[in-house]
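Asks: Give me a model of this one.
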Amino acid sequence: MPLVDIQLIEGVFSAAQKKEMIEKVTDTMVKIEGEAMRGVTWVRVQELGSGEWGIGGKALTTEDVKALQA
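Replies: Modelled structure (predicted):
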C-alpha cells in the first residue's frame, strides 16, 4: 500500500487544488502499478502554518509563496 505525503504551506492552495493533487497522485500510482493500486493508495495533504517552513535559514510565509506564483 503506497502512502504519499504532500506537505504545503497553509493558505496557498484551495480545497479544489488539494483535491486535484490527491486525484492526480493516485492516478499516477495506478499508471505505474495498475488499477489494483487505486483502492490501497493513500495520499495525505498536510499543511504547515505560515512561517513554519524554512528555506535557506529563512521562514517562508504564505505571502512569500503567493509572490513567487505571481
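Asks: switch to C-alpha atoms for all contacts and neighbour counts from now on
Replies: Will do.
Asks: Go through stretch 56-65 and flag the buried ones.
Replies: Within stretch 56-65, the residues scored as buried using 16 or more other CA atoms under 10 Å are 60-62.
Asks: Contacts for it next, please.
Replies: 9-12, 50-54 (CA atoms under 8 Å, 6 or more residues apart in numbering).
Asks: C-alpha coordinates for that stretch, CSV please?
Replies: Provided in CSV are the C-alpha atoms of stretch 56-65 (Å, rounded to 0.1, in the frame of the first residue of the first chain):
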residue,chain,number,x,y,z
GLY,A,56,18.0,28.7,3.4
GLY,A,57,17.6,29.6,7.0
LYS,A,58,14.6,31.9,6.5
ALA,A,59,11.0,31.3,7.4
LEU,A,60,8.7,31.1,4.3
THR,A,61,5.3,32.6,4.6
THR,A,62,2.1,32.2,2.7
GLU,A,63,2.6,35.7,1.3
ASP,A,64,6.1,34.8,0.1
VAL,A,65,4.8,31.8,-1.8
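Asks: quick revisit: just the closest of the buried residues of stretch 56-65 to residue 26, please.
Replies: Closest approach between those and residue 26, by CA to CA: residue 62, at 26.3 Å.
Asks: Kindly list the main-chain dihedrals of the residue nearest to residue 51 when sequence neighbours are not counted?
Replies: Closest residue to residue 51 apart from its sequence neighbours, by CA to CA, 6 or more residues apart in numbering: residue 61 at 4.5 Å. Main-chain dihedrals, residue 61, degrees, to the nearest 10: phi -100, psi 170.
Asks: can you give me the strands in the chain?
Replies: With strands called from DSSP state E, the chain shows them at 3-9, 42-48, 53-55, 58-60.
Asks: Quick check: buried residues in the third one?
Replies: If I follow you right, that is strand 53-55. So strand 53-55, judged by 16+ other CA under 10 Å, has buried residues residue 53.
Asks: Next, report how far that strand is displaced from the centre of its chain.
Replies: Remark: strand 53-55 is offset 16 Å from the chain centroid, using CA atoms, centre = their mean, to the nearest Å.
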